[in-house]
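what follows is a predicted protein model with its sequence.
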Amino acid sequence: MTLSDQIFQTIQAAIVSGEIPAGKKISEPELARMYGISRGPLREAIRRLEGQKLVERTAHVGARVVSLSHQQLYELYQIRENLEGLACRLAAKRIDKQQILALRDVLKKHAEDDAFKAGKGYYLQEGQDDFHYCIIKNSGNKTLEKMLCDELYHLIRMYRIQFSNTPNRPPKALNEHIRILDAIAEGDGELAELLMRRHIAQSYKNIEQHWMSSQGE
């Protein structure tokens, strides 16, 4: 792994977790001092973060951590609801027993996570330990996969992680995941799509409630 790769992953994790908050100006001198690196690898990392839509550059302002408007967030979740619903319907047609078992293992890890059991939030690891990511990967649609597991993945994770600790939501989310997987395992693509769309709509509702309270509305 190159130095640029390392700094990219470090800043990416800090943005997704909220350690570097939405809307914060990206100061190259400040980050270079903080991480003890030269500006070259740092600029390359920032360019890659722009590609993931975590950082945006505007005239006369420079680079900032993305901060979606209420409308932009709504549109992002509309895309999620429709495309992840489609991913479930497609996965139900082609998934095999081995992949079903792997997904059940992912949900078992979620249920056994210490933070989840303590009621502090849902288990939100990335990639192969992320239930949503795994279903999309099993859809067989490469365009869908590129959009949701690459281009928009970390932007979506940023909102999923920062709003995952709504009281009583984590156990409900896990139960919803179990029902979605059961429908996929039974080959019922129509039900799996419906359940995933409901699941994401509920997630958006929770985020919207947080949003409104944080805006003092």
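Received it, and whenever you're ready, just let me know what you need.

any idea of the mean pLDDT in stretch 174-193?
Computed over stretch 174-193, the mean pLDDT rounds to 97.

buried ones in it?
Under the neighbour-count criterion of 16 or more other CB atoms under 10 Å, stretch 174-193 has 174, 176-177, 179-181, 183-185, 188-189, 191-193 buried. All C-beta spots, glycine's among them, are computed from the backbone N, C-alpha and C.

distance from the chain centre to that stretch, please.
With CA atoms, centre = their mean, to the nearest Å as the basis, stretch 174-193 stands 20 Å off its chain's centre.

check the separation of the first and last residues in it.
16 Å (CA to CA, to the nearest Å).

same question for stretch 58-74.
The first residue of stretch 58-74 is 22 Å away from its last residue (CA to CA).

what's in contact with that stretch?
Stretch 58-74 is contacted from outside by 15, 20-26, 46, 50, 53-57, 76, 155, 158-159, 204, 207-208, 211, using CB atoms under 8 Å, 6 or more residues apart in numbering.

what about 10 Å?
Identification of contacts with stretch 58-74 by CB atoms under 10 Å, 6 or more residues apart in numbering yields 11, 14-15, 18, 20-28, 43, 46-47, 49-50, 52-57, 75-76, 155, 158-159, 204, 207-208, 211-212, 215, 217.

buried residues in it, which are they?
Neighbour counts over stretch 58-74 (16+ other CB under 10 Å) mark 63, 65-66, 68, 73 as buried.

neighbours of Ser27, how many?
When neighbours are counted by other CB atoms under 10 Å, Ser27 registers 12.

picking up where we left off before, report the two of the buried residues of stretch 58-74 separated the most.
Largest separation among those by CB to CB: Ala63 and Leu73, giving 20.5 Å.

hmm, back to that, just the ones of the buried residues of stretch 58-74 in helices?
Judged by DSSP state H, helices contain the following of those: Leu73.

on that earlier part again, what's the most distant pair in the buried residues of stretch 174-193?
That would be Leu174 and Gly189, which, of the buried residues of stretch 174-193, are the farthest apart (CB to CB) at 21.8 Å.

what residues does the residue positioned nearest the centre of the chain make contact with?
Centroid-nearest residue in the chain: Arg157, 2.1 Å away (criterion: CA atoms, centre = their mean). In this structure, Arg157 makes contact with 12, 15-17, 52, 54, 124-126, 130, 132-133, 164, judged by CB under 10 Å, 6+ apart.

in strands only, show me these.
Under the assignment DSSP state E, those contribute nothing to strands.

tell me the buried residues within those residues.
12, 15-16, 52, 54, 124, 130, 132-133, 164.

contacts for stretch 20-35, please.
Residues from elsewhere that reach stretch 20-35, judged by CB under 10 Å, 6+ apart: 3, 6-7, 10-15, 37-43, 45-46, 49-50, 54-57, 61-68, 158-159, 162.

and the helix or strand of the chain with the lowest mean pLDDT, which residues are buried?
Across the helices and strands of the chain, mean pLDDT, DSSP states H and E gives its lowest value to helix 114-117, namely a mean of 75. Buried residues in helix 114-117, counting neighbours by 16+ other CB under 10 Å, are found at Phe116.
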